[in-house]
Structure formats: C-alpha cells, structure tokens
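1. A predicted structure for the sequence below; I have some questions about it.
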Amino acid sequence: MSAFSASDFNSKRYSSSRPSYPSEFYRIIDKYHDGERKLLVDVGCGPGTATLQMAEELRPFDRIIGSDLSATMIKTAKAIREESPDIYRNVSFEVSPSDNFEFLGAGSTDKQKVDMITAVECAHWFDFQKFQRSVYANLRKDGTIAIWGYADPIFPAYPEFDDLMIEVPYGKETLGPYWEQPGRSRLRSMLKDSNLNPALFYDIRVSCFHAEDIRDQAKLRQHTEMLLLIRKQITLVEFAEYVRTWSAYHGWKQDPKNKNKQDVADWFIEESLRRRPELTVNTKIEVVWNTFYKLGKRI
C-alpha cells in the first residue's frame, strides 16, 4: 500500500487503466440497502473510481465522502470530480485512514450517523477486525457495509495466456518479490479469512467468482448468488498500462537492479504476440477478473 502513497506514484494512470464496476452490481447493492440515504462513506477510495461511480449508479445519497490514506490519490480524485462538478456536487474527498472517521466532525464521528460504508479494492490492506469495529461505530442501525474487489485476470478466449497471467505478476524474475504482504495474498484469496462478525452485522452475504468459470457454463450455473462480473474489452497495450498501475510494478521500477532489464509490461506484450502472432498490439480481446463481495447490515 505504501506505493500508492508515494509522491511519484502515477495515480492518473491508475485511474484511467483500472477496471470499473458494472451497473448490474450497483443494482445488487441498491436492492440490499434498507432505509435512509443521507450519507455514504467510501473508505480507501483511491482516485475515486468507485466513489464517483456510486454517485451516478446508486439511487441518490444526499452526501458521498471518499476517504483515502494517500494524499496523492485524493488529489487525483478531487481533480476528476472537478471535471464534472454538477454531476458530482454531492461528492467530497478526505485524506484519512480506513478506520478513522474524524472527518465527519466531533458531533458525528462514532455516533452511528452513516447510512452506508463501502470499501472497494482496498480491504486487503486493512486491519480487518479494527476496521469493522470502526464501521460498526459509525453505521446507523441497519446501515450497510459493502466490501468488494478483484484480482488475477485471465483472457478467457486465450487459455495459452494463463501461465503468462501468473508469470507476469508473481514470477520470481518479474514482479513476484515486489508485492506488499500479506495484503496481496489476502486479495488473491478474495478475503476468505476476513469475515464480517455476526455479532456486529446480520444478513451477511458473500460471493466469490473465479474468472475461469466464464469458460464453463455448468460452473456458471452453480452460482446461486448474484455475481460481481468484471469484464472488459482491452488491447494488449491497454493491458500493459494496467500492469503499470500495480504497486508491485512501481516497486520493480524503483529497484536499481532492474534499470537495464526489459520493462515487464513490454515483455508481456512481446510474449503475447509470440504466442498468438495473428494478434496485434491494438486487437481488442476480453479480460475477466476474479471477484468477490461481502455485504452486511449493522445490528
């Protein structure tokens, strides 16, 4: 997570290259949430990707606040917001840790004033027990906690790329040594060991989707819950730009021993074209991510 807070981290590339979340998933959250919609807080908001989407996709909240520990990310989020001030007039951003709600003010912090708290593609960095206690202290009764994220994409139509999708991020000679742990391992496991406490939350719902299931209709039919399905048509060049948003890539670039090595993202393009020479760097191909979500309501 420290890479995202670095002053030289490219938060604008992060914002433009990362996947967004489908409208269908926001309908799941809308249907799940009960009661008032005065205030939503999106913790670990990064450059505001989900925060700003929620302002457009969810049934309206009076106020939406995105918070993130990284001043670099918040600066980008505010800049994006200012590009459409009329659309996002109810959205603001604050620099703050995930378990600190002091930006709400002395009369509202830990006073159960929030209707919904979200944590998108960030909860793997948190002290999860401390985080959910803070959520409990700030959510109103029956308010919603919604956590979701994604990791480890595949190209469904190109199974011969599957090992490449492991080698690029996790190879010993590529980005593997540069992930901050245990955060990355938690994300790869889709937070399976970070569970909402049933003493604090009820109506808990959990979904995990493995991208490879998209290749097997029988496996897809086994999912009885509504899925968070993140898929995107992308070129090899665009995927390389996505690789460059990874914190491990930032660490790899900062390591002097890699100064004269071929760029990992460029190697991905080269190796992909070697395996499927009929493709070009600008051919659109589908990417699908592993995803998860956890929903709960405050007791």
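-> That came through, no problem.
2. which residues of the protein fall in helices?
-> Under the criterion DSSP state H, the chain contains helices at 2-5, 11-17, 23-32, 49-57, 71-83, 128-138, 164-170, 183-188, 217-221, 236-243, 247-254, 264-275.
3. not counting sequence-adjacent ones, nearest residue to the most centrally placed residue in the chain?
-> Most central in the chain under C-alpha atoms, centre = their mean is Glu121, positioned 2.4 Å from the mean C-alpha point. Excluding the flanking residues, the one nearest Glu121 by C-beta to C-beta, 6 or more residues apart in numbering is Gly149, at 4.3 Å. C-betas here are computed from N, CA, C, even on glycine.
4. bridge partners for that neighbour, pull those for me.
-> Phe292 (DSSP bridges).
5. wouldn't it be in contact with Ser189 here?
-> No - checked against C-beta atoms under 8 Å, the pair Gly149 and Ser189 is beyond contact range at 11.1 Å.
6. of the two, who's got more company?
-> Gly149 (23 against 16; other C-beta atoms under 10 Å).
7. look at that one and report its pLDDT.
-> With respect to pLDDT, Gly149 scores 97.
8. give me every residue that touches it.
-> Residues near Gly149 by C-beta atoms under 8 Å, 6 or more residues apart in numbering: Val120, Glu121, Cys122, Ala123, His124, Leu187, Met190, Leu191, Thr291, Phe292, Tyr293.
9. list the contacts for the fourth one?
-> By C-beta under 8 Å, 6+ apart, Ala123 lies in contact with Gly44, Ser98, Phe131, Ile147, Gly149, Leu191, Ser194.
10. mind giving me JSON lines with those residues and columns for distance to Tyr21?
-> What follows is these, written out as JSON lines (distance: C-beta to C-beta, whole Å):
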{"residue": "Gly44", "distance to Tyr21": "14"}
{"residue": "Ser98", "distance to Tyr21": "19"}
{"residue": "Phe131", "distance to Tyr21": "21"}
{"residue": "Ile147", "distance to Tyr21": "13"}
{"residue": "Gly149", "distance to Tyr21": "10"}
{"residue": "Leu191", "distance to Tyr21": "17"}
{"residue": "Ser194", "distance to Tyr21": "20"}
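11. now the buried members of those.
-> With burial judged by 16 or more other C-beta atoms under 10 Å, the buried subset of the contacts of Ala123 is Gly44, Ser98, Phe131, Ile147, Gly149, Leu191, Ser194.
12. please report the distance of Pro182 from Ser194.
-> 11 Å (C-beta to C-beta, to the nearest Å).
13. pick the one among the contacts of Gly149 closest to Asp34.
-> Tyr293 (17.3 Å; C-beta to C-beta).
14. neighbours around the spatially closest residue to that closest one that is not a sequence neighbour, how many?
-> Of all residues not flanking Tyr293 in the chain, Trp148 sits nearest, at 3.8 Å (C-beta to C-beta, 6+ apart). Neighbours of Trp148 under the rule other C-beta under 10 Å: 25.
15. OK, contacts around Trp148?
-> Contacts of Trp148 (C-beta under 8 Å, 6+ apart): Tyr21, Phe25, Thr118, Ala119, Val120, Glu121, Leu228, Thr291, Phe292, Tyr293, Lys294.
16. make TSV from those residues and add distance to Leu200 and pLDDT to it.
-> Output for the contacts of Trp148, formatted as TSV (distance: C-beta to C-beta, whole Å; pLDDT from 0 to 100):
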residue	distance to Leu200	pLDDT
Tyr21	25	95
Phe25	24	97
Thr118	17	98
Ala119	15	98
Val120	20	97
Glu121	23	96
Leu228	23	96
Thr291	24	97
Phe292	20	97
Tyr293	18	98
Lys294	13	98
